[in-house]
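Enquirer: could you work out the structure for the sequence below:
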Amino acid sequence: MEELDQELERCRKWIEAALEYSGGTHDFDDIVRMVKANILQFWPASDACAVTEIIEYPKKKVLHIFLAGGNMETIVDMNESAEYFAKLNGCTGMSIAGRKGWSKVLSKKGYKEAFTALGKDV
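Expert: Model prediction:
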């Protein structure tokens with residue numbers, strides 16, 4: 001567990017930068033707690049990281065890329081491992097929600113715009 005704590009802390013700057021685009025739903029401590037509880041999956045690399053979650057809908061199971069930060073090339077290169085992990089866990093799809101620029105970068109990996117997400121504080 002100590003190694004996980006060290007890796008999460010090393011990647012903290014990327015996680016917190018990505019959280020700025022999450023609409024205020026989580027903070028770093030929430031991510032740490034949820035990774036340790038196996039609710040979220042943590043994907044550290046030397047110069048980037050990602051956080052995923054498996055979402056089970058009534059008709060489909062999806063690996064959702066919740067957060068990603070650091071070197072964009074490294075993050076894109078993680079896709080193959082994430083896709084393998086998704087299949088191993090019974091997922092039939094993958095999704096990502098993020099800044100518009102991801103659609104151009106990930107189109108080379110087979111991603112296409114599925115919907116537009118809007119949000120509002122009330």
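Enquirer: switch to C-alpha atoms for all contacts and neighbour counts from now on
Expert: Noted.
Enquirer: for this structure, what helix or strand is lowest in average pLDDT?
Expert: helix 101-106 (a mean of 81; mean pLDDT, DSSP states H and E).
Enquirer: report the buried residues of it.
Expert: By neighbour count on 16 or more other Cα atoms under 10 Å, the buried set for helix 101-106 is 102-103, 106.
Enquirer: tell me the one of the residues you listed nearest residue 80?
Expert: The shortest approach to residue 80 among these belongs to residue 106, at 11.8 Å (Cα to Cα).
Enquirer: the nearest residue to the closest one once chain neighbours are set aside: neighbouring residues, count only.
Expert: In space, residue 106 comes closest to residue 76 once its chain neighbours are excluded; the distance is 7.0 Å by Cα to Cα, 6 or more residues apart in numbering. With neighbours defined by other Cα atoms under 10 Å, the count for residue 76 comes to 15.
Enquirer: any idea how far residue 104 is from residue 76?
Expert: The span separating residue 76 from residue 104 equals 11 Å under the rule Cα to Cα, to the nearest Å.
Enquirer: what does residue 93 give?
Expert: In this structure, residue 93 and residue 104 are separated by 19 Å, where distance is defined by Cα to Cα.
Enquirer: got it, and residue 69?
Expert: Taking Cα to Cα as the measure, residue 69 and residue 104 are separated by 16 Å.
Enquirer: mind listing what residue 94 touches?
Expert: 62-65, 83, 86 (Cα atoms under 8 Å, 6 or more residues apart in numbering).
Enquirer: could you rerun that using 7 Å?
Expert: In this structure, residue 94 makes contact with 62-64, judged by Cα atoms under 7 Å, 6 or more residues apart in numbering.
Enquirer: same question, residue 43
Expert: Applying Cα under 7 Å, 6+ apart, one finds that residue 43 lies in contact with 49-51.
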